[in-house]
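A.B. asks: below is the structure, and that's it, no one-letter string:
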């Protein structure tokens, strides 16, 4: 009988220990681990190693990458790459933070190929928790001399970036500028990845600020949101080239607003 009672006590203690909350500086912990302030050091935590996130009893969590920050998502914490200011600023209705996408835009790109993928855009917006400026920087400095060069950006699914306003800003490699020959133009196009996507668009007539709800033209073909044309008489640098403010506002629905806003270049040495 004594052995049975002893075994029962051990089982009870084991269950209690397994599911107990641990308190340091408190006898009434409110979480699995609750550290309350003390007079000696304020309840600070000293970590001599890394912090791992996202693991389980079978898999080690991630230590994150150099330069990443620990961010709350309202539930689980995660490692994120926070956007930088990089001296760019804008009067568009977006946070003043930037994420950079390095990509290739050949002279005379015809729009049939996607130059910037939905995956790249989603990754950039993952580093901008509230949206911001996505700077599209070419891998090499280029002089665009074809009649029309089209920069095509594929939008991710709306659910992946819902509620994050952003602008697309076209710039040169590093701290250089691309150039545009006389009487040539560059267009920025966006392409929806989801069938039957809709767009809210702002009228192009400045005296008639109407909004329209349309499907993406020709069943999700490219939709032009900006164009730069050089009529200066000579080849000129493209200091910066920006577009509408873009925001996913509903299932398969995109808003294109603030068409006259700008993004300012960082200083060029």
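C.D. replies: Nice, I can see it. These numbers were taken from a predicted model, which means no experiment stands behind them.

A.B. asks: correct me, but residue 214 touches residue 198?
C.D. replies: Yes - using Cβ atoms under 8 Å, residue 214 makes contact with residue 198 at a distance of 6.9 Å. In short, each C-beta sits where N, CA and C put it, glycine included.

A.B. asks: of these two, which one has the most company?
C.D. replies: Legend: neighbour count by other Cβ atoms under 10 Å for residue 214 and residue 198, higher for residue 198 (19 against 10).

A.B. asks: how much space between the closest residue to the more buried one other than its chain neighbours and residue 244?
C.D. replies: Take residue 198 and drop its neighbours on the chain: the residue closest to it by Cβ to Cβ, 6 or more residues apart in numbering is residue 253, 4.6 Å away. Counting by Cβ to Cβ, to the nearest Å, the separation of residue 253 from residue 244 is 15 Å.

A.B. asks: more neighbours, those two?
C.D. replies: Neighbour count, other Cβ under 10 Å: between residue 253 and residue 244, residue 244 has more, with 22 against 16.

A.B. asks: contact partners for the nearest residue to residue 181 once chain neighbours are set aside?
C.D. replies: Take residue 181 and drop its neighbours on the chain: the residue closest to it by Cβ to Cβ, 6+ apart is residue 145, 4.1 Å away. By Cβ atoms under 8 Å, 6 or more residues apart in numbering, residue 145 lies in contact with 107, 181, 184, 235.

A.B. asks: got the confidence number for residue 9?
C.D. replies: Here the pLDDT value assigned to residue 9 is 55.

A.B. asks: ignore what I typed, I meant residue 112.
C.D. replies: So residue 112 comes in at 86 (pLDDT).

A.B. asks: the protein: helices as residue ranges?
C.D. replies: Secondary structure of the chain by DSSP state H: the helices cover 2-19, 118-126, 217-220.

A.B. asks: next, name the residue at the spatial heart of the chain.
C.D. replies: Note on the chain: the residue nearest the mean C-alpha position is residue 125, at 0.7 Å, using Cα atoms, centre = their mean.
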